[in-house]
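**Student:** build me a model from this:
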Amino acid sequence: MSKAPPKKNDAVDLLDADHIAVKKQFQAFNKLAEAKAPAQKRKALADEICRALTVHATIEEEIFYPAARAALDDDPLMDEATVEHAGAKDLIAQIEAMSADEPLFDAKVVVLGEQIDHHVKEEREEMFPQARASAMDLVALKDQLAARKQELMAQAEAAA
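**Tutor:** Below is the predicted model of the structure:
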């Protein structure tokens, strides 16, 4: 019986915990959409998802990606991740500007979830293993990511 690898409690673990949490939120949204739940309920969850993704993308772009770009010799991977973030941000802005009873609202949230799944798969299978194999100080990066995340979440909640 093989044991799961021990948690390293580093930047990769923090980012992946965000990935897992937002995946659960997307699954919950899909159930609400399928059940034709009230627009207010779907909108509230979609807004939560958008806030979480915006904060996550910001900490990756401000802290993790610059460190990864400097440490990894894989500009195409980093460039693709940056473009994927731009696409997600565009869809997030559209979702945030809509009400849940508008046409395409549910479809946009579902497609955002699919795009995020693709992005997460690439980070998990390519970027994160390269980061762990590099000289990046992932423990120190985790502390920076966590502090910035806390700051951004406080700002987002205050603005909500």
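**Student:** roughly how far apart are residue 122 and residue 99?
**Tutor:** 32 Å (CB to CB, to the nearest Å). Heads up, the C-betas are built off the backbone N, CA and C, glycines and all.
**Student:** and these two? which has more neighbours close in?
**Tutor:** More crowded of residue 122 and residue 99, by other CB atoms under 10 Å: residue 122, with 14 against 10.
**Student:** show me what contacts that one?
**Tutor:** 77, 80-81, 84 (CB atoms under 8 Å, 6 or more residues apart in numbering).
**Student:** recalculate using a threshold of 6 Å.
**Tutor:** Residues counted as contacts of residue 122 (CB atoms under 6 Å, 6 or more residues apart in numbering): none.
**Student:** now it: how far from residue 22?
**Tutor:** 15 Å.
**Student:** so residue 98 touches residue 105, yeah?
**Tutor:** Yes: the pair residue 98 / residue 105 is scored as a contact, 5.1 Å apart, by CB atoms under 6 Å.
**Student:** contacts for the helix or strand bottoming out on mean pLDDT in the chain, please.
**Tutor:** Within the chain, no helix or strand scores below helix 138-159, which has a mean of 94 by mean pLDDT, DSSP states H and E. With CB under 6 Å, 6+ apart as the contact definition, helix 138-159 has outside contacts at 10-12, 14, 51, 55, 58-59, 63, 67.
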